[in-house]
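Asks: just a sequence and a predicted model for now, questions to come.
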Amino acid sequence: MIKKIGVISLIFMPFVFVSQAPNQIESFDPDTFEQTFDKESTVTFQYVFPQTFEKNTTSFSYLWDSGAGDVQTRNFDSNFTQLSKIQDWINQYPNLKARFQQLYNNQCYNNRNCQNWYFSVISNIYWEKYVKNNTFEIPGTHYLDFLNTVDLRIRVNDNQIFDMGKKLNEQAMEKLGQILRAPNNSYFRIQDISYKISVSTSGNYFSNFWGTLRLKYLYHHTGFQPDLNLKNFLETTKTRFNNEVVSKNILNINKRIDVEPNRVISLDEQIQKSVEVINEKLTNFSRELNDDVYNSRIEYIILNNKDLAFVIKFNHPQNKNRYTYLLNPKVKILFLPSVYELSQELEKRLILTPSKIYKEDNRYELVDDEPEQIEEPEPATRKDSYGFTYGGKWEFHNSVDVSFFASKQENEILYINNQPVDVLDQNFHFNLEDLRLSQKESLKAINEYKIEIKQFDKNSNEQENEQLLAVYQIDLVIKSANSVLDIKWFAWNPDKNIEQKKLITPYLTDENGEFLLDSLGNRVDNPDFDPLLDPKTGTKKEIVWVSIGSNLDNLPMSTFFNQLPDEIKQSQNNQEANFGFIAEASVSGKGAILQINNEIRNQDTSNFYYSINENNKKNFELKSFNDRLIHPIKISSNENNYFSTSGIWLFSSQFPKGTTSYKIVAIGQEDNKKLFSSVFENKAIVPFWESEAGTRLKQYLINRKFNLKTIEQLSYEKILLYWKSFINEELFKTFYKTAQANIEQDVNISEMLSNFVSLNNNSEPTISKENAKKLLSLLLNDNTHLKDLELTLAQSSKNSDGTYNLKIDISSKNLENKFENLVDQDSITILNFKPKTYENKEKRKIEIDELEKQLSKNLTTEQVYELLKKLPNSDKLNFAFEKENELESVKLIVKPEYENDFYVSKKELFWKNNSFKSSAFNFINIFETLDLKQINLTGISDFQQAKEFVLTIIQQNWNNSNWKYGKDWEIVDFDNILLKAIKNIEKFDKPPHQIYLLKLRVLENLNTQIYGSQNIELVNIVGSLDVPKISNLSSIKLDNIKINTKNNPNFEIELKNKINSELLKNNLDLENFVQLSNFDEVINNFKNNPNLEFQNLKIDPLTFQLSGNNEIKIINKDFNVVKNNEDEPKNIFQNKKTYYWLIPVIIFSTIGLGFLIFWLYNKFIIKFKK
């Protein structure tokens, strides 16, 4: 068999491949109408001018003209230059830093890129002044052209001007102009226009002016009314399609396939042929539609590995919008044999389609599962009255599809293990799996199949299948299930240990082993029963997903695990991938018995063990043990083999060409009643069904009619089997997409060629060798056969309008190869081609490929900008950022002065900036941004209050989360855990304390693609179990406290003691009941400013036994004597100290004056009287 690689056909084919779930297909209703509506939305644009300059009084100013005569200049505030060291000061005080960070979050939320947020810490005046100076608002409603009248420029150091308004307005005009020009949109207006400018600050320098334009736009959209002609076209197309292309919901594929005995046809070969036939059918059907009105296009959608859905997409004649109409929701693909094939022997009409597997020596490369021969075929013989042929015995390593095409006489029957197989249109089909783990008795837990085709003597329908003519038999073994490696607690013996027996007995029993009954005759539940404990091993088994990151080499040495195809593709494109493996984890208090279960007997099993680094809480990491990372170990069914070295260990088991099974056990952990994930917390090891991989497998199983209860009870080994089946179906979709891409024409060939064909110095079209290789790779969409082919520009002729007609040849380098087996056609003709000028090819290319690969991560605008600055020749580019909803983009614009010398390989980049990981399937771990380890109820004894408190704390610590409790996520057994916690209030100084585990997980919702879980500890600890005599802090009166702050190194302790003494008057204290919320801030303020007269100290409850709050006034006793000389007035009559020495002068002067008057009175006045 020869694989055929298709070249892109030049004939336009109106159909494409789409991969979508059936319940997501929305079909247009031709009887409906689209509402006319008014749309309102807000959009943000950003631009950055890289610039670094010193801080001074003339650093920069804003020149502003709102377009309505509001022309003004706003200068840079020179006071800001004094704040260079403010960040260093903040960092000295953690409490202060936290407060200012909160200020930043609140005040900078709507002022994006607010790098100089710490202006706000000096006073609100500075902050308000900054906001006022850097915000420019325009009220009212305006037309889009109004933006051209707005002028906002930045003048730096009085000599350099940046036109920020122009750059922002250009972005807005381009974006909003598209909406304005769209069909059926009218009355476009903009309002709430706001420009903001931010600048980064570091030390004595400013850098990077960021401009932000935020506006609201409104417009009117006209819908459509029912259209009778459109309805007739769609309904007629649907009827014709289901009669001419599809018959009875079946699409027959009857392309001839080479015949040979026991044909093993690879999955991609089968898909390639089916795509070719489907495309041919749709092309012919589309031509007959002769649609010149609706620009219709037929698409098919992959539902699973057997079924497709077909839709037609069209333009509505009234509003020109694109809509989808469902032609058939589920079409079965059926391969029909050709007349030639039906004439062949029985064994040549038996087709085996194996699964794809990844190579063991190359974990990225997919190969067919090639069967291994166990028994040789035998020549044809006669048995009784019929001929018998034995095709041998073969072993596969994954599931196999078996198909047999019977003759039109219907005289041939396919049997598997002596049971006839279902048949439709003479086509027998059955899927063989390894069922050794199955519990269904009818399937008998087998993995060996006897395939028989029996042919009877029957020439017409009037005869019966009675006389046997021939029998063909082939035996197949499906060796896919892994050996069951059990890890049993060494001391586990519930038959002889009563305490252990209690843990696995659901109901209470008496001394004789009889069940105890209640007054109603019902069995009494055993409170010690643990349903998660495995009665056979004495451990709790937990299925986990172990993430190993983007490098498959991080898998444990000598192990192998099937990875998701889309993650493989991500990795091959140098993008972030999520590789990992499924493991079964458990906790063993002491040593463990390792043994292979007798259910599965696989030969040549290799077993190893590894030591896991339990100190690494973020990543899965193996560590050296006895100077080695990997250790072989003999594991059998012998119960005398045990492993008792304490630590966390990984055990692997694998047979040749099989997938590794992984078992993790924590040995030495005393509490084997807990699940592994609660004992060993590691972000890389999470419960499987709550991981992205587990969520995707769960959806696959649900589509196969599994219910959630059955899924959660699946054993580890069964999960591995279903994982293989899931991977195989994902591969099927991947191959279909690749095959479709090899054939369909969905690009403009001339536009594509313009990147590879240029004019030389003689004005003749030319293709360089390098470009020829790139073009060939693009045409093939596959690099597999590039080395065998060569692309050349064979002919070119110039037209009168300056365009060219080109002929491109594709030939084989190796004359021994059959060229027609590699490509569908040997030349491509292009008419009226207009090449790029030769000068453009001389420009230097600014590569952004490496940057684009990094945009798969969750990055902010600022982070993207930092990456852009690191690009080679980034100084030759301007960057224009744009954001609407979650989608962000940046346009890369070559500066005018460099346009003749440089060009950029891609002019615009897109990424999503949210708190969730971007994925090809949009699976979201909703708990990724929840940063919370423990919640303390602090004495809450009311159930409803406790519940509201827990949910509030969770939401407060959940960054950017809109996920709702009860709608998107839940807390397992929340009510029961809360009831236990509120009844068990514990004192702080009496450890150990009871820790309850709140398990947050995503609700089972089949219509979403969210996953994740998180454990949060819950405690109820207070300082004192005594109930305070008061209930509300605001009801008490606290006296002012006076304290000396100068030259008093212990004034913090002294202050706390005085506060505590004051609180004791009300039977409260700092240790058990209340806390001083701003104590550090008050202390720092007194230390840094001895001129403070007083500070108000906030007092808040330390326990929910109290409510309300209060304040106590702290008075600085040194306030009247501690002054800075520089603050004292120079005029002695303005200085209060002047009065300190005037007082005694006045007193003594008064006394002296009294004595003088008395003396004068006695000496003169009395004598005079005499």
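Replies: Great, that's in hand.

Asks: and S856, what pLDDT?
Replies: We have a pLDDT of 57 for S856.

Asks: can you offset everything so residue one is 505?
Replies: All set: I'll call the first residue 505, so the last point we hit is now S1360.

Asks: quick one: low-confidence parts of the stretch 1355-1504 of the chain?
Replies: Residue ranges of the stretch 1355-1504 of the chain with pLDDT under 70: 1357, 1360-1367, 1384-1391, 1400-1401, 1404, 1416-1427, 1463-1466, 1493.

Asks: rerun that using 50 as the cut-off
Replies: 1389, 1418-1425 (pLDDT under 50).

Asks: ranges for the strands of it?
Replies: For the stretch 1355-1504 of the chain, the strands defined by DSSP state E, counting those that start in this stretch occupy 1381-1388, 1391-1398, 1406-1408, 1412-1416, 1428-1429, 1438-1440, 1473-1475, 1490-1491, 1500-1506.

Asks: among those, which is the most enclosed?
Replies: A comparison of the strands of the stretch 1355-1504 of the chain by mean neighbour count, using mean count of other C-beta atoms under 10 Å, puts strand 1428-1429 on top with a mean of 22. In this view, the C-beta of every residue, glycine as well, is placed from N, C-alpha and C.

Asks: listing partners with orientation, what would you give for that strand?
Replies: Applying DSSP bridges, strand 1428-1429 is found paired with strand 1514-1515 (parallel).

Asks: for the strand it pairs with, give the mean pLDDT please.
Replies: pLDDT averaged over strand 1514-1515 gives 79.

Asks: which residues are contacting it?
Replies: Residues outside strand 1514-1515 that contact it (C-beta atoms under 8 Å, 6 or more residues apart in numbering) are 1194-1196, 1198-1199, 1427-1430, 1467, 1472, 1506.

Asks: now S1115, what's its secondary structure?
Replies: Secondary structure, DSSP: H, G, I helix; E, B strand; the rest coil: S1115 is strand.

Asks: who's in contact with it?
Replies: Per C-beta under 8 Å, 6+ apart, neighbours of S1115: 1126-1129, 1133, 1151-1154.

Asks: confidence score at it?
Replies: 91.

Asks: again with K1167
Replies: 92.

Asks: partners of the helix or strand containing it, with directions?
Replies: Secondary structure from DSSP states H and E places K1167 in strand 1165-1171. Sheet pairing here is set by DSSP bridges, and for strand 1165-1171 it gives strand 1083-1092 (parallel), strand 1151-1158 (antiparallel).

Asks: check which helices and strands whichever helix or strand comes after the longest one is in contact with.
Replies: This means strand 1083-1092. Once strand 1083-1092 ends, the next helix or strand along the chain (criterion: DSSP H and E) is strand 1096-1100. Strand 1096-1100 sits against strand 989-993, strand 1146-1147, with contacts defined as 3 or more C-beta pairs under 8 Å, 6 or more residues apart in numbering; DSSP states H and E.

Asks: next, the angle strand 1165-1171 makes with strand 1096-1100.
Replies: Here strand 1096-1100 runs at an angle of 170 degrees relative to strand 1165-1171 (axes from the mean of the first three to the mean of the last three C-alpha atoms, to 10 degrees).

Asks: quick one: strands adjacent to strand 1096-1100?
Replies: strand 989-993 (antiparallel), strand 1146-1147 (antiparallel).

Asks: and the contacts of the shortest one?
Replies: For strand 1146-1147, the surrounding residues in contact (C-beta under 8 Å, 6+ apart) are 994, 1095-1098, 1113, 1137, 1153, 1171.

Asks: pLDDT averaged over that strand - what is it?
Replies: 82.

Asks: pull the distance from it to the chain's centre.
Replies: 40 Å (C-alpha atoms, centre = their mean, to the nearest Å).

Asks: hmm, back to that, distance to E1185, mean neighbour count and mean pLDDT added to the strands paired with strand 1165-1171, as JSON lines?
Replies: As requested, these are exported to JSON lines (distance: least, C-beta to C-beta, whole Å; neighbours: other C-beta atoms under 10 Å; pLDDT from 0 to 100):
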{"stretch": "strand 1083-1092", "distance to E1185": "12", "mean neighbour count": "25", "mean pLDDT": "91"}
{"stretch": "strand 1151-1158", "distance to E1185": "12", "mean neighbour count": "22", "mean pLDDT": "89"}
